[in-house]
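**Q** Could you work out the structure for the sequence below:
(one chain, ligands or ions: 1)
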Amino acid sequence: MPKARHTTSSSVTARFSAAAGTYHRNAKNQRLAAKQLLALLSFSPAPARILEIGCGTGVLTEKLAKAFPPGRIDAVDVSRAMTVKARKRLAGNRMIRWIVADATRLPEKIKYPLIISNCTLHWIAPIKNIIGKLCAMLEPGGILAFAVMTRGTFAELNACRRRTAPRKPARVVLPARDEIKKAVARAGLRLKREKTALIRQTFSSPEKLLKQLHDQGLTGGNIPHRQKALTRSELLRLVADYRKRYRSGRGIYATYRVYYCVAQKI
Ligand SMILES: C[S@@+](CC[C@H](N)C(=O)[O-])C[C@H]1O[C@@H](n2cnc3c(N)ncnc32)[C@H](O)[C@@H]1O
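**A** The predicted structure is shown next:
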């Protein structure tokens, strides 16, 4: 069988590395997702080894270390700058080994009883390949648990973009929930728990929303080089359209659609 192929855009790495200094204080939704993901897990005894994919500044890693002592956590991120922040934040925690690596290139020899990932797998296209790869890295009976942003996230922003710059559609296309579920089944995983949650966050203005996305490294993604950014006047029209259509109190709102999945290797 041919080896699965993945793409990890170097622009994804560059964006997250550039945002390493501002990510942590802006990661409110990621913190919430990490908490909800952990709440779906139950282990007895605690897994001896955990592989975390896309650890970032260690939002989930920190919670894993508290939930599952004294297991070893291999926390992987493709951005060195992110792992530097995480290491500094959680200095001295001997359970955690910080690893700078592209998840799509991890060796499959070492097997884990738990592989977990928060708000990351949707950045690795196509998602079915990374799910297949992570399944290959599980022990028999091992658990893959993840939270991902799915299609429908930032529906408001994408609609504004379609209206104000129809020839420049959104650059990041998030996976749909059904596509993820199909990938899980095809990989040979049995679904144990799943949940979809809508998180609606309010901002004082569309500009504040765009700033937060930038500070989290979420703008950009898999950008083909030929695709052009919005011009200043398109951006101003988008902001005005957003302000008019998606009001909430004195500000505006944005929706995140998060899919949580806990599956077991058959
Ligand atoms: C939105 S952040 C989530 C970080 C953390 N899990 C959290 O919940 O705050 C996504 C992280 O995934 C990392 N990432 C993206 N593609 C990756 C890949 N192919 N391999 C490893 N890490 C990757 C990015 O560098 C970034 O730190």
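**Q** So for stretch 171-187, what gets flagged as buried?
**A** For stretch 171-187, a neighbour-count test (16 or more other C-beta atoms under 10 Å) marks 172, 174, 175, 177, 180, 183, 184, 187 as buried. Every C-beta, even on glycine, is put in place using the N, C-alpha and C of the backbone.
**Q** For that stretch, give me every contacting residue.
**A** 122, 126-128, 131-132, 134-135, 144, 148-153, 191, 194, 196, 220-223, 227, 259, 261, 263 (C-beta atoms under 8 Å, 6 or more residues apart in numbering).
**Q** just the buried members of these?
**A** For the contacts of stretch 171-187, buried by 16+ other C-beta under 10 Å: 122, 127-128, 131-132, 134-135, 144, 148-153, 220-223, 259, 261, 263.
**Q** restrict the buried residues of stretch 171-187 to contacts with the ligand.
**A** When the buried residues of stretch 171-187 are checked against the ligand using C-beta under 6 Å from any ligand atom, none falls in range.
**Q** End to end on stretch 130-144, go ahead and measure it.
**A** End-to-end distance for stretch 130-144, by C-alpha to C-alpha, to the nearest Å: 12 Å.
**Q** Give me the mean pLDDT for it.
**A** The pLDDT scores in stretch 130-144 average 98.
**Q** what about it, distance to the chain center?
**A** What separates the centre of stretch 130-144 from the centre of its chain is 18 Å, taken as C-alpha atoms, centre = their mean, to the nearest Å.
**Q** That one near the ligand anywhere?
**A** No. Using C-beta under 6 Å from any ligand atom, stretch 130-144 stays clear of the ligand, coming no nearer than 7.5 Å.
**Q** Stretch 15-28 too?
**A** Yes. Stretch 15-28 comes into contact with the ligand (C-beta under 6 Å from any ligand atom), by way of 16, 27.
**Q** And the lowest-mean-pLDDT helix or strand in the chain, what does it pack against?
**A** When each helix and strand of the chain is scored by mean pLDDT, DSSP states H and E, helix 10-18 comes last, with a mean of 90. If contacts are counted by 3 or more C-beta pairs under 8 Å, 6 or more residues apart in numbering; DSSP states H and E, helix 10-18 sits against helix 80-89.
**Q** Outside of the helix or strand following the helix it packs on itself, list whatever touches it.
**A** For helix 80-89, the following helix or strand on the C-terminal side (DSSP states H and E) is strand 96-100. Outside strand 96-100, the residues within contact range by C-beta under 8 Å, 6+ apart are 55, 58, 61, 65, 72-80, 83, 86-87, 90.
**Q** cool, and stretch 37-45?
**A** The contact list for stretch 37-45 (C-beta under 8 Å, 6+ apart) reads 60, 63-64, 67-68, 114, 116, 118, 143, 145-147, 193, 195, 260, 262.
**Q** cutoff 6 Å now
**A** The contact list for stretch 37-45, computed with C-beta atoms under 6 Å, 6 or more residues apart in numbering, reads 63, 67, 118, 145, 147, 193, 260, 262.
**Q** hmm, that stretch in reach of the ligand?
**A** No. Counting by C-beta under 6 Å from any ligand atom, the ligand is not contacted by stretch 37-45; separation bottoms out at 9.0 Å.
**Q** Run the chain-centre distance for that stretch.
**A** With C-alpha atoms, centre = their mean, you get 19 Å for stretch 37-45.
**Q** Also stretch 77-93?
**A** So, by C-alpha atoms, centre = their mean, the centroid of stretch 77-93 is 17 Å from its chain's centroid.
**Q** pLDDT (mean, whole number) over it?
**A** Averaging pLDDT along stretch 77-93 yields 97.
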